[in-house]
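1. This is a predicted model, with the sequence first.
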Amino acid sequence: AEKQVREAVEIYNHVFKRLCLGYLILKRPDFDKFAGAVYSIAFDAWNPDGRVNQIGTVHNLGENFAKAFEITYEDVGGVHKNVFQTCYGFGVSRVVAAIIAQHSDDHGLILPPDVAPIQVVIIPIIYKETEHEVNEYAMEVYEMIKDGGIRVHLDDAEDKTAGEKFYYWEMFGVPVRVEVGPRDQRERKITIVDRVLLKRRVVNLANAVESIRELFKEVMRNLEERSLATLKEFIVDASDTSSLSEIIRERKIAKICWCESIECAEKIRELSGGEIRGHRVDVEEKPEKPCLICGREAKRVVYVARAY
């Protein structure tokens, strides 16, 4: 069961990193673990409004449910023993909400390439005198990118300007835009624009697929760095109860030392409106100060936040 818990945490960590999310991996305090579990581990993603969003959980159930429901196995010696169980999963709607909340800007949504239904949109830059040539070239570019295994859409609608198309697809978060104009057509090049930085670069058509895949990596790297930087900004050390309340009021995540008593946990909720979410399991953090509430020896460094 312990091995399966570790594997589940590794799997979720891998998935959430591919989604470029910023989150904390926390072991819940005993009073907040899954009912009947030995312990619970949760992934808390930051949200712009300061509340954390639990996007995944892993629970070690031990023998508790096996005893209650008489679930046993027969070992090599013929002895019946209780099974050890785990329970884990993530909320798809919560994960989608985290992607939308963390990967957005004033232009709209930004989707990580791995999950974007459309990874690349091609927009022809049309002038009347070169319309036919550019449209033919845009179709050639489309076929090449499609054959390269990339999810691509050619927006050749005639009722919108190129600028309107730029705005539309930026709003829907397509990771990479390809612009094809008369000069690109003449020189057998394309202009590619990433959704995060909106930076333009011109590449040869022959290298289009390779260049776009490299840009996917850059988009993911920039998204992850931005999300992790925001998470780091959200976490603030609380030195006393006044600063704790202020941190939560300012829609941040407070980092405190705690003695593990329920009484102090309840006092924290009463004073700040936040709740103890748990201590990190991916890094070891030893308390260097006494409990923020009672002043006794602290046993854990924990994180306090409002939550959904």
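-> Looks like it came in fine.
2. Mind naming the longest helix for the protein?
-> Across the chain, the longest stretch assigned as helix under DSSP state H is helix 208-234.
3. and that helix, which residues are buried?
-> Neighbour-count burial for helix 208-234, counted by 16 or more other Cβ atoms under 10 Å, picks out 208-209, 211-212, 215-216, 218-220, 222-224, 226-227, 231, 234. No exception for glycine: its C-beta is placed from N, CA and C like everyone else's.
4. Just give the closest residue to L223, not the sequence neighbours.
-> Of all residues not flanking L223 in the chain, C20 sits nearest, at 3.7 Å (Cβ to Cβ, 6 or more residues apart in numbering).
5. now H103
-> Counting by Cβ to Cβ, 6+ apart, H103 lies nearest to I110, which is 4.3 Å off, once chain neighbours are set aside.
6. Can you pull the phi and psi angles for that neighbour?
-> Main-chain dihedrals, I110, degrees, to the nearest 10: phi -130, psi 120.
7. For it, list the residues it contacts.
-> I110 sits next to 103-104, 173, 175, 195-196, 219, 223 when contact means Cβ atoms under 8 Å, 6 or more residues apart in numbering.
8. just checking, which of the residues you listed belong to helices?
-> 219, 223.
9. Need the contacts of I110 in JSON lines (columns: distance to R249 and pLDDT).
-> As requested, the contacts of I110 are exported to JSON lines (distance: Cβ to Cβ, whole Å; pLDDT from 0 to 100):
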{"residue": "H103", "distance to R249": "26", "pLDDT": "98"}
{"residue": "S104", "distance to R249": "24", "pLDDT": "95"}
{"residue": "G173", "distance to R249": "32", "pLDDT": "98"}
{"residue": "P175", "distance to R249": "36", "pLDDT": "98"}
{"residue": "R195", "distance to R249": "34", "pLDDT": "98"}
{"residue": "V196", "distance to R249": "31", "pLDDT": "97"}
{"residue": "V219", "distance to R249": "35", "pLDDT": "98"}
{"residue": "L223", "distance to R249": "29", "pLDDT": "98"}
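10. can you put the contacts of I110 in JSON lines and add distance to T161?
-> Listed next are the contacts of I110 as JSON lines, based on distance: Cβ to Cβ, whole Å:
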{"residue": "H103", "distance to T161": "27"}
{"residue": "S104", "distance to T161": "24"}
{"residue": "G173", "distance to T161": "21"}
{"residue": "P175", "distance to T161": "22"}
{"residue": "R195", "distance to T161": "19"}
{"residue": "V196", "distance to T161": "24"}
{"residue": "V219", "distance to T161": "25"}
{"residue": "L223", "distance to T161": "29"}
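11. how about low-confidence regions in the stretch 151-300 of the chain?
-> Along the stretch 151-300 of the chain, the model assigns pLDDT under 70 to no residue.
12. For it, which segments are assigned as strands?
-> Assigned by DSSP state E, counting those that start in this stretch, the stretch 151-300 of the chain shows strands spanning 152-154, 176-180, 189-194, 200-204, 235-237, 253-258, 275-280, 300-305.
13. Nothing else from me, thank you.
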